[in-house]
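[1] all I have is the shape, not the residue letters:
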């Protein structure tokens with residue numbers, strides 16, 4: 001009977017290892033937050049409209065967080081659109097503000 005339990009234990013261990021490997025492969029093999037952050041920053045530096053803007057980029061689990069200041073709402077939208085095009089980006093959280101925007105008060 002102990003031989004049977006040993007076989008069941010090995011089958012259980014094999015199943016757990018297989019499940020762990022499958023869940024680890026669910027993310028894109030090239031997934032890397034540092035690479036995403038670098039790619040988004042490079043895209044902003046290469047963009048003629050955004051290259052002189054003060055935009056900070058952070059990535060966590062494929063979600064890009066943008067903060068900083070630009071001159072117009074069009075630039076806010078442009079930054080988010082550029083970030084979304086980068087491979088590995090699953091979402092963009094855009095907290096960029098427009099400087100010298102007229103107050104509604």
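    Yes, it's here. Model, not experiment: these values are computed from the prediction.

[2] CA only for contacts and neighbour counts going forward, please
    Noted.

[3] list the buried residues of the strand or helix carrying residue 81.
    Secondary structure assigned from DSSP states H and E places residue 81 in helix 73-84. Going by neighbour count (16 or more other CA atoms under 10 Å), the buried part of helix 73-84 is 75, 76, 78, 79, 80, 83, 84.

[4] where does the chain have low pLDDT?
    1-31, 101-105 (pLDDT under 70).

[5] quick one: the strands in it?
    54-60, 63-70, 91-98 (DSSP state E).

[6] deepest-packed of those strands, please.
    strand 63-70 (a mean of 19; mean count of other CA atoms under 10 Å).

[7] and it, what does it pack against?
    Contact analysis of strand 63-70 by 3 or more CA pairs under 8 Å, 6 or more residues apart in numbering; DSSP states H and E lists strand 54-60, helix 73-84, strand 91-98 as its packing neighbours.

[8] name the strands paired with that strand and say parallel or antiparallel.
    With DSSP bridges as the test, strand 63-70 is paired with strand 54-60 (antiparallel), strand 91-98 (parallel).

[9] with distance to residue 67 added, can I get those strands in TSV?
    Output for the strands paired with strand 63-70, formatted as TSV (distance: least, CA to CA, whole Å):
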stretch	distance to residue 67
strand 54-60	5
strand 91-98	5
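
[10] those: which one's closest to residue 32?
    Ranking those by proximity to residue 32 (CA to CA) places strand 54-60 first, at 8.9 Å.
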